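Chemist: Structure for this input, please:
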Amino acid sequence: MNRRTFVLSASAATLAAKPFPKPLGVQIYTARTILPKDPEGTLKRIADIGYKEVELFAYPQLKELVPIVNKLGMKATSMHLPMPLVTGNWGDQTPIDLPQFLSDAKAAGLSYVGMPYVAPNERKEFSALAAKMNKTGEAVSKAGMTFFYHNHAFEFAGKPGERVIDKFKKELDPKLVKLEMDIFWVAAGGSDPVAFLEEWRGRVALMHVKDKSRDMGTVETESQAKPADFKEVGTGTLDIPKILKTALKTGVDKFFVEQDQCPGDPIDSLKLSFENLKKMSF
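Modeler: Got it, this is the predicted structure:
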C-alpha cells in the first residue's frame, strides 16, 4: 500500500466511524438500589463514565438530586412524573398539585416530563386514558415543556390495528403527547424497533437504549421478563446501531441508557453500555 492509498483509506475509516452525535443520558432508575445510600457518589460515578444527561423517576429528586447533577457537570433533562397526576387515581397517596409539580420541574431545567407506566389494574378504558394524557400534555406544553408516554410490552399484545399502541397512535394528540420509546420492550412485545420508529416518525421524542438476551421470547406483559433478559447495550441481540441511526433520522431528541435489572453493580453495567456505544459507528 502506497502513502496516498494509506491516507485515503485512513480518512475513509475516520469518516465511517462517526461517534454518536447526541449527548448520552442515564435513566437513574438503573441505579435505584444504590442511589439512596450515596446519591452524590453514585451520580459522580455516572458522570465519570462520560454520561451528560440524567432522567429522574421520582418527584423528590427534583430538589434532592438536580443540584448534585448540575454540580457534576451533567443536566437533568427529563423525568417520569407520578402517574396519578395523569390518571387522578391517588388511592392512599397524598395528592400532588399539577401546577406546582410543573413549576418545580421547569425551575429544575427539565425539558420533558412523562408518564412511565400503566399499572395492570388500570389497563382498561384506554380511550379515556388517552384523553387524560392529551389534557396533561396541554398543561405541560403551557408550562414550557413536552409531555410523553413511555411504553412497555403490553401495548403490543393482540392483533395489529387492535393493540393498545394502535389506539394510542390514533387517539393521542401528536402535538401534545410524544413517545418515549423503550426499544427493549418494543422488541420483547414482538415488534421491530426500526419499523416502529418509521411508523411513528416524528412522534418519538425520547428513547430508552437497552439490550435483550438471545433466548428471550415474546412477552405480553413486563412481569414475564426475567432479570437475565436485560443486557448491557451491545451484548444482546438488538441491532443498536441500526436502531439509533433510524432514531436520529426520525426525530428522536433524547437518549437514555437504562437497564431494569443488572447482574452486579449497576454502574458497571452502565459503564459497559457506554463503552460499547462509543465503539459503534453512526
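Chemist: which SS state does the spatially closest residue to E222 that is not a sequence neighbour fall under?
Modeler: Nearest in space to E222, with sequence neighbours left out and distances taken as CB to CB, 6 or more residues apart in numbering, is H152 at 4.9 Å. (C-beta placed from N, C-alpha, C; glycine too.) In three-state terms, and counting by DSSP: H, G, I helix; E, B strand; the rest coil, H152 is coil.
Chemist: Just give me the residue right at the centre of the chain.
Modeler: H208 (2.9 Å; CA atoms, centre = their mean).
Chemist: Next one: the residue nearest to E222, what pLDDT does it get?
Modeler: Residue-level confidence at H152 comes out at 98, pLDDT.
Chemist: tell me the SS of L35?
Modeler: Recorded secondary structure, L35: coil (three-state DSSP).
Chemist: what do you get for M207?
Modeler: Applying three-state DSSP: M207 is strand.
Chemist: is it true that it touches E180?
Modeler: Yes - contact between M207 and E180 holds when scored by CB atoms under 8 Å: they sit 6.9 Å apart.
Chemist: Would you quantify the distance from the residue lying closest to V118 once chain neighbours are set aside to A119?
Modeler: The spatially closest residue to V118, leaving aside those adjacent along the chain, is L129, at 7.0 Å (CB to CB, 6+ apart). Plainly put, L129 is 11 Å away from A119 if you go by CB to CB, to the nearest Å.
Chemist: who's more crowded, the two?
Modeler: Neighbour totals were compared for L129 and A119, and L129 leads with 22 against 9 (other CB atoms under 10 Å).
Chemist: ok, the more buried one - contacts?
Modeler: With contact taken as CB atoms under 8 Å, 6 or more residues apart in numbering, L129 is in contact with V86, T87, V118, E122.
Chemist: per-residue pLDDT, the residue nearest to V118?
Modeler: At L129, the model reports a pLDDT of 98.
Chemist: do F282 as well
Modeler: Taking F282 on its own, its pLDDT is 85.
Chemist: so it makes contact with P21?
Modeler: Yes - at 6.8 Å, F282 counts as touching P21 under the criterion of CB under 8 Å.
Chemist: Looking at the two, which one has more neighbours?
Modeler: Comparing F282 with P21 by neighbour count (other CB under 10 Å), the higher total belongs to F282, at 14 against 8.
Chemist: Next one: S127 from E220, what distance?
Modeler: Between S127 and E220 the computed distance is 21 Å (CB to CB).
Chemist: More neighbours: these two, which one.
Modeler: Comparing S127 with E220 by other CB under 10 Å, the one with more neighbours is E220, at 14 against 11.
Chemist: In the stretch 51-200 of the chain, what residue spans correspond to strands?
Modeler: Assigned by DSSP state E, counting those that start in this stretch, the stretch 51-200 of the chain shows strands spanning 53-56, 75-80, 112-115, 146-150, 177-182.
Chemist: Dump those to CSV, plus mean neighbour count and distance to Q224.
Modeler: Conversion of those to CSV gives the following (neighbours: other CB atoms under 10 Å; distance: least, CB to CB, whole Å):
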stretch, mean neighbour count, distance to Q224
strand 53-56, 25, 25
strand 75-80, 23, 22
strand 112-115, 23, 22
strand 146-150, 24, 18
strand 177-182, 25, 15
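Chemist: where does the stretch 151-282 of the chain have low pLDDT?
Modeler: The stretch 151-282 of the chain contains no residues with pLDDT under 70.
Chemist: thinking again about what came up before, which residues sit in contact with the residue nearest to the centre of the chain?
Modeler: Taking CB under 8 Å, 6+ apart as the contact definition, H208 lies against Q27, H150, E180, M181, D182, I183, F184, F256, V257, E258.
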